[in-house]
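S.K.: mind looking at a prediction? Sequence and model below.
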Amino acid sequence: MNSYTLNNDVVIPALGLGVFQSPPQETAAAVAAALRAGYRHVDTAAAYGNERQVGEALRDSGLHRSEVFVETKIWITDFGYDETLHAYDKSSRKLGVDQIDLLILHQPLPSEFDRTLEAYRALETLLADGRVRAIGVSNFMVDHLTRLLDSVKVVPAVNQIEVHPYFAQRDVQEHGAKHGILTQAWSPIGGITFYRDGRHTSTLQDPTIGAIAAEHGKGPAQVMLRWHLQQGRQVIPKSTNPTRIVENIEVFDFVLTPDQLQAIDGLDTGVRGGPDPAAITLATFGRAIPEA
Ligand code: A2P
């Protein structure tokens, strides 16, 4: 329950710290707090602009490199075979590591899928060379996964997608599972929905989740994380608050009942909080990733 074995036998902790939207100046402290609390996985991305601070906290922690699972993502601007190899150099230098545990494509580029495939081929090379331990994708929908699987050699180890009680993407999860791809849930407690203008309430205030939390003497975030874990998803809750960082890893001491899991399943609205992956283009989302 505390870890998953990826499709190439590499072991990943079941729960890691997400640092999406963690300002660089707060990221090192958040990662340090997480490592102190027992986290052994950090998920960052070139596009987050905080890889350097993640690396700083790893080095300052005193933990051996092999004890912490480091995951980062290649941004679409760096797609292409040579470009992606160079993006690996940028990320590994900023992180200060010579091997990345899990390197994934941050998004598909649906309008330029050949470039996406070339980027993935670079990941395959990095894997063969031992510069990464596992490779994968993020925000790939069923048709993107199908097109990828049709033309690459290595099945992605993970697909990191938006999953929380208000947006479950079961079709994508099931398609991945059929091919041995682990679903990583980004925004697992629904943080992506907190800033929206009243179309639905926050998952943290949801009465169904609140009632289940009360039954277990736990918080709503803990209940949501437990729901993911019991359904076999890897989770990367983001927080820069030390108390909430600790709260989010205290999820291995209670079990939701099948009825409770089902009640949370029933909250799916089918409405995503993040951008539609099919609509991502270089024109709208391209931005240069600085050199190391
Ligand atoms: P903060 O960093 O101030 O803790 P998600 O990973 O689902 O997108 O959620 C991230 C959001 O949820 C952030 O706004 C984060 O804010 C907040 N958050 C993280 N953990 C908790 C928690 N245990 N309780 C309440 N809010 C949380």
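M.R.: Sure, I can see it.
S.K.: pretty sure Y4 is in a helix, no?
M.R.: No - counting by DSSP: H, G, I helix; E, B strand; the rest coil, Y4 is located in no helix; its state is strand.
S.K.: so what's G270 up against?
M.R.: Taking Cβ atoms under 8 Å, 6 or more residues apart in numbering as the criterion, G270 is in contact with F167. (Glycine included, C-beta is placed from N, CA and C.)
S.K.: next: E291.
M.R.: Shown in contact with E291 (Cβ under 8 Å, 6+ apart): K90.
S.K.: my read: A57 touches E26, true?
M.R.: No - taking contacts as Cβ atoms under 8 Å, A57 lies outside contact range of E26: 10.9 Å.
S.K.: look up how far D259 lies from the most far-flung residue of the chain relative to its centre.
M.R.: Distance to the chain centre peaks in the chain at E215, reaching 28.9 Å (criterion: Cα atoms, centre = their mean). Distance of E215 to D259, computed by Cβ to Cβ, to the nearest Å: 11 Å.
S.K.: quick one: average pLDDT of the helix or strand hosting T27?
M.R.: Element membership of T27, judged by DSSP states H and E, is helix 24-37. For helix 24-37, mean pLDDT rounds to 97.
S.K.: close to the ligand: what parts of the stretch 101-250 of the chain are there?
M.R.: Residues of the stretch 101-250 of the chain lying near the ligand by Cβ under 6 Å from any ligand atom: 187-192, 194, 204, 219, 221, 237-241, 244, 247-248.
S.K.: drop anything exposed from these.
M.R.: Those of those that meet the buried threshold are 187-192, 204, 219, 221, 237-240, 244, 247-248, by 16 or more other Cβ atoms under 10 Å.
S.K.: tell me the contacts of the residue nearest to A45 when sequence neighbours are not counted?
M.R.: Nearest residue to A45, sequence neighbours excluded (Cβ to Cβ, 6 or more residues apart in numbering): K73, at 3.8 Å. By Cβ under 8 Å, 6+ apart, the contact set of K73 is 44-47, 103-106, 138, 160.
S.K.: looking at the residues you listed, spot the one nearest the ligand.
M.R.: The nearest member of the contacts of K73 to the ligand, counting by Cβ to the nearest ligand atom, is Q160 at 12.1 Å.
S.K.: run a quick neighbour tally on the closest one.
M.R.: The tally of other residues near Q160 (other Cβ atoms under 10 Å) stands at 27.
S.K.: mind checking pLDDT for it?
M.R.: pLDDT recorded at Q160 is 98.
S.K.: can you name the residue of the stretch 51-200 of the chain nearest to the ligand?
M.R.: For the stretch 51-200 of the chain, Cβ to the nearest ligand atom, closest residue to the ligand: G191, 2.3 Å.
S.K.: for that residue, give its distance to R36.
M.R.: Going from G191 to R36 by Cβ to Cβ gives 22 Å.
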